[in-house]
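Enquirer: Sequence and computational prediction follow.
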Amino acid sequence: MITLRGVTKRFPGPDGPLTAVDDVDLHVPRGSVQGIIGFSGAGKSTLVRLINLLERPDSGSVLVDGEELTILDEEALRRRRTKIGMIFQHFNLLANLTAAQNIELALRIAGVGKAARAARVAEAFAVVDLSDKADAYPAKLSGGQQQRVAIARALANEPSVLLCDEPTSAVDPRTTITVLRYLQEVNERLGITIVLVTHEMNVVRAIADDVAVMEGGKVVEHLRLDGSPLRPQTEIARFLLDDRIRLRPERSLEDSNAG
Ligand SMILES: Nc1ncnc2c1ncn2[C@@H]1O[C@H](COP(=O)(O)OP(=O)(O)OP(=O)(O)O)[C@@H](O)[C@H]1O
């Protein structure tokens, strides 16, 4: 469970402070999938990094599983963060370590004893069906496989929350489906709460329970994805929902095949 209340984050900009996240309230129930969507610069990455305090808010409250993170000292925060997994657009695996060593390192940093580490690594690989790639170096893995290793690395520390920052933006559409299937499995089978940042409506539509639409650092609208028809209220939500690119008059599939 994640609750943000009145969270604001500013960065120094060339023309004075820039408000990247502006007084955002967000509640993500335990075990749900929260999408965050918006155009480039809307504040999505900053918002998700505020949840594990990779960015410290200038004001507001960040609660994860009922615990206020902004009041923790560095050591307590470091320990707490091990239960908040994160995956990134470019996977962020260490190139000089095998897939298994990448996961092992994350466990060692989190203080997991040697005896427990091997079992945790094996379990994490099993979740993403990559046990046969444990000894491969990242360069020998496809983008989708690297992202699955990154998911396994995040899972190895048995997190309650998994933060995903554009997890499918660097992979092709078919691999996107594979990555989303594993995220869905992580959510449904392990009950892990997921926050997923993307600029692709198709991605959140496939997996999220609720989508927060961001613009100018604010959450301007929520779309509930419960099967009922979507009724976007803001122009940006309407634009994001209708993600076809039109540079010239519509052509049907038959027309384009013929032409
Ligand atoms: N470390 C930083 N220092 C200064 N400005 C920053 C920093 N991080 C983000 N910003 C600014 O904050 C605003 C929001 O950025 P953010 O990366 O959160 O947006 P985003 O919606 O994730 O965009 P994208 O989809 O391009 O990643 C942008 O104007 C960005 O330039």
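Expert: It's in.
Enquirer: ok, which residues in this protein are in contact with the ligand?
Expert: Residues of the chain lying near the ligand by CB under 6 Å from any ligand atom: 11, 18, 20, 38, 40-46, 199. (C-beta placed from N, C-alpha, C; glycine too.)
Enquirer: of these, buried ones?
Expert: Buried residues within those, counting neighbours by 16 or more other CB atoms under 10 Å: 20, 38, 42-46, 199.
Enquirer: can you tell me which residues contact the residue in the stretch 151-259 of the chain positioned nearest to the ligand?
Expert: Nearest residue of the stretch 151-259 of the chain to the ligand (CB to the nearest ligand atom) works out as His199 at 5.5 Å. Each residue near His199 by CB atoms under 8 Å, 6 or more residues apart in numbering is listed here: 37-40, 44, 166, 169, 240.
Enquirer: Looking at the residues you listed, which are in strands?
Expert: 37-38 (DSSP state E).
Enquirer: just the contacts of His199 now: which is nearest Glu104?
Expert: Among those, Glu166 lies closest to Glu104 (CB to CB), at 26.0 Å.
Enquirer: burial of the closest one, as a residue count?
Expert: 19 (other CB atoms under 10 Å).
Enquirer: Equivalent analysis for Thr82, please.
Expert: Thr82, neighbours per other CB under 10 Å, totals 17.
Enquirer: That one is in contact with Ala110, isn't it?
Expert: Yes - Thr82 lies in contact with Ala110 (CB atoms under 8 Å); the separation is 4.0 Å.
Enquirer: ranges for the helices of the protein?
Expert: 44-51, 74-81, 99-109, 114-127, 143-156, 173-190, 201-207, 235-241, 253-258 (DSSP state H).
Enquirer: which non-adjacent residue is nearest Met46?
Expert: I think there's a mix-up here, since residue 46 is Thr and not Met. Ala20 (4.2 Å; CB to CB, 6 or more residues apart in numbering).
Enquirer: Over to Asn202?
Expert: What sits nearest to Asn202 in space, not counting adjacent residues and going by CB to CB, 6+ apart, is Asp243, at 7.0 Å.
Enquirer: coming back round to it: output the residues of the chain next to the ligand as a markdown table; include the columns pLDDT.
Expert: A markdown table is the format used below for the residues of the chain next to the ligand (pLDDT from 0 to 100):
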| residue | pLDDT |
| --- | --- |
| Phe11 | 97 |
| Leu18 | 96 |
| Ala20 | 98 |
| Gly38 | 94 |
| Ser40 | 92 |
| Gly41 | 94 |
| Ala42 | 96 |
| Gly43 | 97 |
| Lys44 | 97 |
| Ser45 | 97 |
| Thr46 | 98 |
| His199 | 90 |
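Enquirer: From the centroid of the chain, which residue is nearest?
Expert: In the chain, the centroid-proximal residue (CA atoms, centre = their mean) is Cys164; its distance is 1.2 Å.
Enquirer: Quick check: beta-bridge partners of the nearest residue to that one once chain neighbours are set aside?
Expert: In space, and not counting its chain neighbours, Cys164 is closest to Leu196: 4.5 Å by CB to CB, 6+ apart. Beta-bridge partners for Leu196, by DSSP bridges, are Gly35, Cys164.
Enquirer: Use 34 as the first number for this chain going forward.
Expert: Renumbered: residue one is now 34, and that last one reads Leu229.
Enquirer: and Leu229, how many neighbours does it have?
Expert: Using other CB under 10 Å, Leu229 has 28 other residues around it.
Enquirer: mind listing what it touches?
Expert: Going by CB under 8 Å, 6+ apart, Leu229 touches 66-69, 197, 200, 216, 236-237, 240-241.
Enquirer: now the residues you listed in a markdown table, with distance to Asp106?
Expert: Shown next, in a markdown table, are the contacts of Leu229 (distance: CB to CB, whole Å):
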| residue | distance to Asp106 |
| --- | --- |
| Val66 | 31 |
| Gln67 | 28 |
| Gly68 | 32 |
| Ile69 | 28 |
| Cys197 | 27 |
| Pro200 | 31 |
| Leu216 | 32 |
| Val236 | 36 |
| Val237 | 35 |
| Ile240 | 35 |
| Ala241 | 34 |
